[in-house]
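A.B. asks: build me a structure from this.
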Amino acid sequence: MHRKLGCWHRSADLAHDTFMRLLAREEAPSILEPRAFLTTVAQRVLANHWRRDKLEQAYLEALASRPPELVPSAEERAILLETLQEISELLDGLPVAVKRAFLMAQLEGMSQTEIAAALKISVTTVKRHLVRAGTQCYFAMAVA
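C.D. replies: Residues are numbered from 1 along each chain as shown. Model prediction:
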């Protein structure tokens, strides 16, 4: 991980996350190739790290465009980033258009008609996208 990240501290944190992910499992997996298995889990943790960094960077850029008096406190930013990460994980695996429609509706408060116009799709397709994203979130939360 250090070769990919270039930082001993971050790579140690991600190695810790990798082992915590394995220890948190309900039942121990039967592992035929422990090194390959650990490498796969570590790569997934690293991919999640990069996705989280990209999300955080986009959030910080959005904050930079706000007037100073509307910028949330450090604690509020941390909570918002954690919430955004949870939403991102819930929507993981959905097509981009479905995610965008869902986020436009939930975060920006856009109507289905406005979303359809912005994405250049029909209102019926927007409804399907919203149902699909909502269903994915509901069942993902029910499992957790």
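A.B. asks: mind giving me the domain ranges of this protein?
C.D. replies: The record's domain parsing of the chain by automatic domain parsing lists 1-71, 91-144.
A.B. asks: go through those domains and pick out the most buried.
C.D. replies: Mean neighbours per residue, mean count of other Cβ atoms under 10 Å, is largest over these for domain 91-144, with a mean of 15. Using the backbone N, CA and C atoms, a C-beta is placed for each residue, glycine as well.
A.B. asks: next SSE downstream of the helix or strand where Thr39 lies?
C.D. replies: Secondary structure from DSSP states H and E places Thr39 in helix 34-64. Using DSSP H and E, the next helix or strand after helix 34-64 towards the C-terminus is helix 74-90.
A.B. asks: what angle separates the next helix-or-strand element following that following helix from helix 74-90?
C.D. replies: As assigned by DSSP H and E, the chain's next helix or strand after helix 74-90 is helix 96-106. For helix 96-106 against helix 74-90, the angle between stretch directions is 140 degrees (axes from the mean of the first three to the mean of the last three Cα atoms, to 10 degrees).
A.B. asks: so which residue is smack in the middle of this protein?
C.D. replies: In the chain, the centroid-proximal residue (Cα atoms, centre = their mean) is Ser88; its distance is 2.6 Å.
A.B. asks: ok, that residue to Ile79 distance?
C.D. replies: 15 Å (Cβ to Cβ, to the nearest Å).
A.B. asks: go on, Leu130?
C.D. replies: 25 Å.
A.B. asks: for the protein, list the residue farthest from the centre, please.
C.D. replies: Leu32 (30.5 Å).
A.B. asks: next, that one: secondary structure please.
C.D. replies: Assigned with DSSP: H, G, I helix; E, B strand; the rest coil, Leu32 falls in the coil class.
A.B. asks: quick check: phi and psi on it?
C.D. replies: Torsion angles at Leu32 (phi, psi; degrees, to the nearest 10) stand at phi -90, psi -40.
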